[in-house]
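Participant: Here is a sequence together with a model predicted from it:
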Amino acid sequence: MKVYSNTDPDVKPYLQRISKYAQQAQVMNLPYWIFVQDENPIGIIAVGKEPIQLLASPGTLVALINLIDAKQPRGNIEVFAKEALDLAIQKNAEYALAGFRFNEETAIYVFQELGFKEFDDCYQMVCQLDKDFRPSADLQFVGVKKEEMRQFIAFAEIFLQGSPDVTLTEALKHFHELPDEFLSLYYSLDRFYLVKNDKEVVGVLDFNPNSGLISNIGVASQLRGKGYGKQIMLFALEQLNKSGCKKAFLRVHVENKTAIHLYESLGFVKAERYKRLIWRKRGKKV
């Protein structure tokens, strides 16, 4: 099995075929390596410092592993898994995340044999933006200015609590640690809103108007069940529609039944189910 770094001139023939998997690394300017068997890309690993997944304090070294071709013989997947983990260890990563489609059972088992543990299980849901979405006028959506991002983060830490989403739960522990330069990057990608009912902040929202991804939606715990979540979602869908997006996307944990029911009532459907496994350096906790 051959391994090419992203700076290797010989990697060029594979770049288009792995673009979907290398996108995050390229956007965040992370070094990555492509594993190739008989001219077929099998997988990719990127290494960088938090905040990448926000599952540890900023500065923590992280490895992100993605299997590209799950139809490869088990032996090839075993070689990729071992060599990718060896590379993560060589680069002193404190933890490694490996992502799979839910039905890639052989690959999941291979990684589990190497010490990876199940960490996350979620759906990607998709909504066609082919109709009008009109929130009620009861709520006010106040755009967050760049200098107000710390205030947004403080509300998000409170309003996003209580989800069965383990990734979100871990990330919330480190929200307040986000460095200013990351907040600036974050702000350049998403639109952020504080949601108010009169003068009271009742929720938060952020989404990417270019990709159609709804990143976070949260409602104050004491106000849940009053329809605020639905109105916030309608506003997000309306804004994405106005931005020219044809589809809206979001990620939701499979156990978050309440949220899934809400999203389905608005036209979202389950497009894919993904599992992520995590490997932790001995003695480290994430």
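Facilitator: Arrived safely, thanks for sending. Numbers count the residues shown, from 1 in each chain.

Participant: those strands in the stretch 151-286 of the chain, which residues are they?
Facilitator: Taking DSSP state E, counting those that start in this stretch as the test, the strands found in the stretch 151-286 of the chain are 191-197, 200-207, 214-219, 247-253, 269-280.

Participant: Reformat those strands as CSV; add distance to Gln16.
Facilitator: The C-beta positions use only the backbone N, C-alpha and C, and glycine is treated the same way. Shown next, in CSV, are the strands of the stretch 151-286 of the chain (distance: least, CB to CB, whole Å):
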stretch, distance to Gln16
strand 191-197, 30
strand 200-207, 28
strand 214-219, 27
strand 247-253, 22
strand 269-280, 22
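
Participant: Okay, now the unreliable bits of the stretch 151-286 of the chain?
Facilitator: 283-286 (pLDDT under 70).

Participant: and the longest helix along the chain, what does it pack onto?
Facilitator: The longest helix of the chain (DSSP state H) is helix 74-90. If you count contacts as 3 or more CB pairs under 8 Å, 6 or more residues apart in numbering; DSSP states H and E, helix 74-90 packs onto strand 32-37, strand 40-49, strand 61-67, strand 95-101, helix 105-113.

Participant: will you turn the ones you listed into CSV that also has mean neighbour count and distance to Leu172?
Facilitator: Formatted as CSV, the helices and strands packed on helix 74-90 follow (neighbours: other CB atoms under 10 Å; distance: least, CB to CB, whole Å):
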stretch, mean neighbour count, distance to Leu172
strand 32-37, 22, 28
strand 40-49, 22, 19
strand 61-67, 24, 17
strand 95-101, 21, 17
helix 105-113, 18, 26
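
Participant: distance between stretch 7-15 and the chain's centre?
Facilitator: Remark: stretch 7-15 is offset 26 Å from the chain centroid, using CA atoms, centre = their mean, to the nearest Å.

Participant: CA atoms of it as CSV?
Facilitator: Taking Å, rounded to 0.1, in the frame of the first residue of the first chain, the C-alpha atoms of stretch 7-15 are listed here in CSV:
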residue,chain,number,x,y,z
THR,A,7,2.4,18.0,-0.7
ASP,A,8,3.7,15.0,-2.8
PRO,A,9,3.5,15.8,-6.5
ASP,A,10,2.5,12.2,-7.2
VAL,A,11,-0.8,12.8,-5.3
LYS,A,12,-2.3,14.9,-8.1
PRO,A,13,-4.0,12.0,-9.9
TYR,A,14,-6.0,11.2,-6.8
LEU,A,15,-7.1,14.6,-5.7
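
Participant: which parts of it are buried?
Facilitator: Val11, Tyr14 (16 or more other CB atoms under 10 Å).

Participant: got the contact list for that stretch?
Facilitator: Tyr4, Ser5, Ala22, Pro31, Ile34, Val36, Pro41 (CB atoms under 8 Å, 6 or more residues apart in numbering).

Participant: Redo the residues you listed as TSV? Include distance to Ala248 and pLDDT.
Facilitator: Converted to TSV, the contacts of stretch 7-15 look like this (distance: CB to CB, whole Å; pLDDT from 0 to 100):
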residue	distance to Ala248	pLDDT
Tyr4	35	95
Ser5	35	94
Ala22	24	89
Pro31	32	95
Ile34	31	96
Val36	35	95
Pro41	30	95
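
Participant: ok, so of these, who is nearest Ala259?
Facilitator: Ala22 (29.9 Å; CB to CB).

Participant: How many residues are close by that closest one?
Facilitator: Other residues within reach of Ala22, judged by other CB atoms under 10 Å, total 22.

Participant: doesn't Ile44 make contact with it?
Facilitator: Yes: using CB atoms under 8 Å, Ala22 is in contact with Ile44, at 6.1 Å.

Participant: So what touches the longest helix of the chain?
Facilitator: 1, 3, 33, 35, 37, 42-43, 45, 47, 63, 65, 67, 70, 72, 96, 98, 106-107, 110-111, 114, 279, 281.

Participant: ok, 6 Å please
Facilitator: Applying CB atoms under 6 Å, 6 or more residues apart in numbering, the contact partners of helix 74-90 are 1, 35, 37, 42-43, 45, 63, 65, 96, 106-107, 110-111, 114.
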